[in-house]
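K.L.:
I'd like to go over a predicted model; first the sequence, then the structure.
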Amino acid sequence: MIPRTMTYAFFAAFLAAAPALADDAHVVMKNFDFMPMQVTVTAGTTVVWTNQDGEPHTVVSPDGLFRSAALDQNDSFKFTFAKPGTYKYICTIHPKMVGIVTVK
Amino acid sequence: MTDQSRRGALKCLAFGGAGTLFTLSAGIVAPIDLAEAATRKHPGTPLFLQISDTHIGFNKDANPDVAGTLTKSIALANALPKRPELVLHTGDITHLSRAAEFDMAAQLLGGLKAGALHTTPGEHDVTDAGAEYFSRFGKASNNKGYYSFDQHGVHFVALINVMSFKPGGLGALGDDQIAWLADDLKGRSASQPIVVFAHMPLWTVYEPWGWGTGDADQAFALLRRFGSVTVLNGHIHQIVQKVEGNMTFHTARSTAYPQPNAGDGPGPGPLKVDAGLLPKMLGITTVAYQKHPNAARLTDSTLA
């Protein structure tokens, strides 16, 4: 049986070694808008888009960095932003819908 | 009037519910009663069919059975007294660009008793950047999406305006396509009737909902010299028409679900209506030509 102190030491070492992971950021598509329209995240964060409209939407980077499939109601899409920068995206079914992810 | 044409005329009246015929002659559009039109000589002229926004794969409240309403629309087309020479599908064949949806659509459209099917994609058809759509329908245009052909003396031009969206923008044709169109129309007699078909409205119906094509004016400049131009679009799931000189613009109903009138709500989503009203808002369009003068007659028919 492993002594409790050793178990604690093991976990402490594990946690210290693991990188600090930011929580996912969430964007929803509601009433033909990306909400929030602009999110700011730290590099390495995953953004999760969820469609709450009865009409499908897509999440597409005009620069070709990411492209979702057509997302039906309740479908979601995620992308992890590794590098800092400003990333604009649109819905290609309703291109009036524009969103921005700012990565610091 | 012979017995034959009277029977045909009565058939014309029998289905389609409220039907309005527009004749375009020398640039003037005159709405005429179907009843009055039926007494005219029934055409030995060819008939073309426009079908649009079938959205195979859609299954929400506004219509849980789009395959069923498409089947009914095809039955309506098959009951026409004259077999259409060709069929133009003005896009949004599928709802989510999925292979199974394209398969089902092809299967159902195969039931049309008409000539060849010519298509142009909607934005719902190319959410995968066009992979599925072009693998099935790309041949006519060498995967470019734009192409043209002649039938019965009419020049048909398919344009694609759902691939080059800019953020916040309307549909777009792009410079390559406009250059191609200029070349395609060069040297053609101004008296040849032209039919242009594309998914999104080529003229601006309602900018806040993206109902328009940003660079279409360049296309109109090329088309304006022709004596008879009919522009057939879809996308908005309701009929809007206008005439500008010798150009008639027409958007078709969907066979799947209606959409709200421009500005009526947060956006152009499916509109749920009472079950009894739905078939009155879905339908097909036929286009007939009289040779002298080159008049295009558009007839919109509904399922009920």
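P.N.:
Great, that's in hand.
K.L.:
CA only for contacts and neighbour counts going forward, please
P.N.:
Fine.
K.L.:
Counting neighbours, what do you get for the closest residue to chain B within chain A?
P.N.:
Ranking the residues of chain A by distance to chain B (C-alpha to the nearest C-alpha) places residue A:96 first, at 3.9 Å. The local packing count at residue A:96 equals 21, with neighbours defined by other C-alpha atoms under 10 Å in any protein chain shown.
K.L.:
next one: residue B:277
P.N.:
A total of 11 residues lie near residue B:277 under the criterion other C-alpha under 10 Å.
K.L.:
same question, the one 4 residues further on
P.N.:
Counted by other C-alpha under 10 Å, the residues lying close to residue B:281 total 22.
K.L.:
Go ahead and confirm residue B:160 touches residue B:146.
P.N.:
Yes. Under the criterion of C-alpha atoms under 8 Å, residue B:160 is in contact with residue B:146, at a separation of 5.8 Å.
K.L.:
give the contact list for residue 69.
P.N.:
You didn't pick a chain, so chain A it is. Taking C-alpha atoms under 8 Å, 6 or more residues apart in numbering or on different chains as the definition of contact, the neighbours of residue A:69 are A:58-59, B:127-128.
K.L.:
oops, I was thinking of chain B
P.N.:
B:255-256, B:279, B:282.
K.L.:
can you list residues touching both of residue B:160 and residue B:146?
P.N.:
Residues touching both residue B:160 and residue B:146 by C-alpha under 8 Å, 6+ apart: residue B:120.
K.L.:
Look up how far residue B:94 lies from residue A:69.
P.N.:
When distances are taken as C-alpha to C-alpha, to the nearest Å, residue A:69 and residue B:94 turn out to be 14 Å apart.
K.L.:
show me where pLDDT drops low in the stretch 201-304 of chain B?
P.N.:
Applying pLDDT under 70 to the predicted model, the residue ranges of the stretch 201-304 of chain B that meet it are B:291-294.
K.L.:
in chain B, which spans are strands?
P.N.:
Listed in chain order, the strands of chain B (DSSP state E) span B:20-25, B:28-33, B:47-51, B:86-89, B:116-119, B:147-151, B:154-158, B:194-197, B:229-233, B:241-244, B:247-251, B:283-290, B:295-302.
K.L.:
Excluding covalently adjacent residues, which one is nearest to residue B:202?
P.N.:
With C-alpha to C-alpha, 6 or more residues apart in numbering or on different chains as the measure, residue B:213 is the residue that lies nearest to residue B:202, at 5.1 Å, once sequence neighbours are left out.
K.L.:
That neighbour against residue B:200, yeah?
P.N.:
Yes. Under the criterion of C-alpha under 8 Å, residue B:213 is in contact with residue B:200, at a separation of 6.9 Å.
K.L.:
Looking at these two, which is more packed in?
P.N.:
Comparing residue B:213 with residue B:200 by neighbour count (other C-alpha under 10 Å), the higher total belongs to residue B:200, at 31 against 23.
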